[in-house]
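Participant: got a predicted structure here, sequence first:
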Amino acid sequence: MKKIGIVGAGTMGSGIAQTIAQSGYEVILRDIEQDFVDQGLAKIEKNLARSVQKERISAAEKDAVSGRITGTTELSKLADADLIIEAITEQMEIKKRVFQELDELCSPETILASNTSALSITEIATTTKRPDKVLGIHFFNPVPVMKLVELIKSITTAEETFNKAKEFVEKIGKTPVEVNEAPGFVVNRILIPMINEAAFILYEGIAKVDEIDTAMKLGANHPLGPLALGDLVGLDVCLAIMETLYNEFGDSKYRPCPLLRKKVRAGHLGRKTGRGFFEYN
Ligand SMILES: CC(=O)CC(=O)SCCNC(=O)CCNC(=O)[C@H](O)C(C)(C)COP(=O)(O)OP(=O)(O)OC[C@H]1O[C@@H](n2cnc3c(N)ncnc32)[C@H](O)[C@@H]1OP(=O)(O)O
Ligand SMILES: NC(=O)C1=CN([C@@H]2O[C@H](COP(=O)(O)OP(=O)(O)OC[C@H]3O[C@@H](n4cnc5c(N)ncnc54)[C@H](O)[C@@H]3O)[C@@H](O)[C@H]2O)C=CC1
C-alpha cells in the first residue's frame, strides 16, 4: 500500500491522516467544504508543531509529514488510493451514500474501510459491488496517542482483505484486535454505556460533574473522568452509539440518558464546540 484516502477531516479523520502520514504513506484528506479541510489540516500542523517543540520529531520531519498530506473537497482525487478510510458523521444513510460513490469511483482493488464507532459493516458493504473488500478499521481518540485499532470483520469481509488491513495497521505502529461485527464492537459496548451511566448519575442529581469525574479518576484510576471523556469523544457521537446499541439489541439497558439528548439538541457537543459537560476555550 502507498496511497491512503481519508474521507472526513474532523476529530478522527485529521488524527488518522496525521498518524498514517507519519508512517511514510501519501495521504489524501477529503471533506465536503474547504473550511473543514483547512481546519483538519490546521489541527495536524498544530500537533506536529507540538511534537517538534517537544523534540520528538525534527522540523524537517514535520515538513516531510505535512508534505505527504493533501487536502481536497473532490472525492475523485481518492480514485487511485489503495485503501480508503471513511471517518464521517456517525449516520448509516450518509455512510452508505459515500461507500456507494467510492465503489463507483475507485479501482476494483481498493479496500474500503469505515472508522464507524458502532454501525454494521455488513450493512455499509451492501451498497458496494465489493463487499469482500469492505471492513471496519476502528481507531481511538486521540489517534496519534491511542495504540489500539479494532479490525472489524463483516459477514462478507474476505480473509485477504482482513490480512492486508492487519499488516497496514501494524506498519503504522498500532496494535490490532480482531473483532467479529456486533453493535459497538468491543470497546464502545463497554465504554459508552459507562459514559451514559455517568450522565444518568448527573441527571438524577446524585453528584455534580466534577465529583463524578474525580470519583472515577481517583477511584478507578481512569486517566479522564467519564464526563470529560464524553466531551473528548463528542456527545453527538456518544448519543449515536447509544442509539445503535439500543436499537440493534432492543434492550432497555442501553437507553440513552435524556440529558445526553438535551445537550446534543443544544449543540453542546463537547470539546469540538467549546461546551459539553465542561466548558473549553
Ligand atoms: C468513540 C469511539 O469510537 C472510540 C473512542 O475513541 S473512545 C475514547 C478512547 N480514548 C480514551 O479513552 C482516552 C482516555 N484519555 C487518555 O488516555 C488521556 O487523557 C489522554 C491521552 C487523552 C491525554 O493525556 P493526559 O495525560 O490527560 O494529558 P496530556 O499530558 O495533555 O497528554 C498526554 C500525551 O498525549 C498527547 N496528546 C494529548 N492529546 C493529543 C491529541 N489530541 N493529539 C495528539 N497528541 C495528544 C500529549 O501531547 C501528551 O504527549 P507527551 O506526554 O508525549 O507530551
Ligand atoms: N470522536 C471519537 O472519539 C471517535 C469517533 N469515531 C467515529 O469516526 C467517525 C467520525 O467521527 P468524528 O471525527 O468524531 O466526527 P466529526 O464531527 O469531528 O467529523 C466528521 C467530519 O465528516 C465530514 N463529512 C460529513 N459528510 C461527509 C462526506 N460525505 N464526505 C466527506 N466528509 C464528510 C464533516 O464535515 C466533518 O468534518 C464517526 O463514524 C465516529 O463514530 C471513531 C472513533 C472515535
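Facilitator: Okay, I see it. These figures come from a predicted structure and were not determined experimentally. Ligands and ions are numbered 1, 2, ... in the order given.
Participant: can you give me the strands in the stretch 51-200 of the chain?
Facilitator: Taking DSSP state E, counting those that start in this stretch to define them, one finds strands in the stretch 51-200 of the chain at 69-72, 83-86, 111-114, 134-138, 148-153, 175-180.
Participant: residues in contact with the second one?
Facilitator: Counting contacts by Cβ atoms under 8 Å, 6 or more residues apart in numbering, the residues outside strand 83-86 that touch it are 1, 4-8, 16, 78, 95, 98-99, 102, 106, 110-116, 137, 164-165, 168. For the C-beta atoms, the positions are set from N, CA and C on the backbone; glycine is no exception.
Participant: swap in the fifth one?
Facilitator: Contacts made with strand 148-153 from outside it, assessed by Cβ under 8 Å, 6+ apart, are listed as 121, 135-140, 162, 165-166, 169, 174-181, 185-187.
Participant: just the buried residues from the residues you listed, in PyMOL please.
Facilitator: Per 16 or more other Cβ atoms under 10 Å, the buried members of the contacts of strand 148-153 correspond to this PyMOL selection:
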select buried, resi 121+135+136+137+138+139+140+162+165+166+169+174+176+179+181+185+187
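Participant: ok, back up a step: any of the contacts of strand 83-86 buried? List them.
Facilitator: Neighbour counting with 16+ other Cβ under 10 Å marks 4-8, 16, 78, 95, 98-99, 102, 106, 110-116, 137, 164-165, 168 as buried within those.
Participant: okay, and which of those map to helices?
Facilitator: I16, K95, V98, F99, L102, K164, A165, F168 (DSSP state H).
Participant: which ones are touching T72?
Facilitator: Applying Cβ under 8 Å, 6+ apart, the residues near T72 are I28, L29, R30, V37.
Participant: one more pass at 10 Å, please.
Facilitator: G5, A9, I28, L29, R30, D31, Q34, V37, L78 (Cβ atoms under 10 Å, 6 or more residues apart in numbering).
Participant: could you work out the most separated pair of those residues?
Facilitator: Spatially, the most separated pair among the contacts of T72 is G5 and Q34, at 17.3 Å (Cβ to Cβ).
Participant: residues from this structure in reach of ligand 1?
Facilitator: 47, 50, 54, 117, 140-142, 144-146, 187-188, 191, 223-224, 229, 233, 237 (Cβ under 6 Å from any ligand atom).
Participant: in strands, which of the contacts of T72 fall?
Facilitator: Among the contacts of T72, the residues falling in strands (DSSP state E) are G5, I28, L29, R30.
Participant: circling back: just name the closest of the contacts of T72 to Q22, please.
Facilitator: L29 (13.7 Å).
Participant: and the closest residue to K166 other than its chain neighbours, bridged to which residues?
Facilitator: Ranked by Cβ to Cβ, 6 or more residues apart in numbering and with sequence neighbours excluded, the top spatial neighbour of K166 is P176, at 5.3 Å. For P176, the beta-bridge partners are V149 (DSSP bridges).
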